[in-house]
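Undergrad: sequence-free structure coming up:
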């Protein structure tokens with residue numbers, strides 16, 4: 001899993017390169033309570049509400065990464081101009097192709113059963129979904145991005161199916177505006 005976790009550029013660009021069909025499936029985007037560890041990463045007080053977005057990144061129809069993005073409510077449209085209108089488009093067009101965006105340091109974690117983020121992954125995939133093992137540890141990474149005065153935290157939980165992509169030939173290299 002290390003090679004996927006440590007991808008230095010756009011994860012989506014790498015997923016596109018290792019699949020014939022790539023899709024961002026938006027699950028939810030709304031104001032929601034911030035998880036305690038996310039609040040700490042953003043310097044927010046516990047229990048604060050944020051703009052939250054949840055997506056599944058799918059390669060050839062199979063979910064391979066669960067994405068969770070949070071933006072403090074104090075951010076405005078000039079900080080993250082496209083965030084509210086992304087729909088099923090990728091966040092990468094804002095993050096990797098905007099010269100005003102600064103990427104922070106990647107943080108890595110093993111998410112153990114019982115973590116609230118893992119509960120969201122299970123809910124997104126359904127209890128009988130692919131890669132679901134109630135006792136499994138999932139690997140994740142997260143990063144804080146800065147644009148003007150705004151902060152944005154992206155967490156990506158890697159599903160076991162992502163490992164199946166490593167041996168696929170590069171079949172779909174194109175200019176990618178996704179993450």
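TA: Yes, it's here. Computed from a predicted structure; not experimentally measured.
Undergrad: which parts of the protein are strands?
TA: Assignment of strands within the chain using DSSP state E yields the ranges 22-33, 49-59, 62-72, 101-103, 107-111, 138-147, 150-158.
Undergrad: dump the residue contacts of residue 65.
TA: Residues in contact with residue 65 (Cβ atoms under 8 Å, 6 or more residues apart in numbering) are 11, 15, 56, 57, 156, 157, 158, 159, 162. The way it works is simple: take the backbone N, C-alpha and C, and place the C-beta from them, glycine included.
Undergrad: name the helix or strand of this structure that has the lowest mean pLDDT.
TA: When the helices and strands of the chain are scored by mean pLDDT, DSSP states H and E, helix 92-95 comes last with a mean of 74.
Undergrad: elements contacting that helix?
TA: helix 11-17, strand 101-103 (3 or more Cβ pairs under 8 Å, 6 or more residues apart in numbering; DSSP states H and E).
Undergrad: next, name the residue at the spatial heart of the protein.
TA: With distances taken as Cα atoms, centre = their mean, residue 67 lies nearest the centre of the chain, 2.6 Å away.
Undergrad: remind me, longest helix of the protein?
TA: Secondary structure of the chain per DSSP state H: the longest helix is helix 116-125.
Undergrad: packing partners for that one?
TA: Other helices and strands packing on helix 116-125, by 3+ Cβ pairs under 8 Å, 6+ apart, are strand 49-59, strand 62-72, strand 138-147, strand 150-158.
Undergrad: many thanks, we can stop here.
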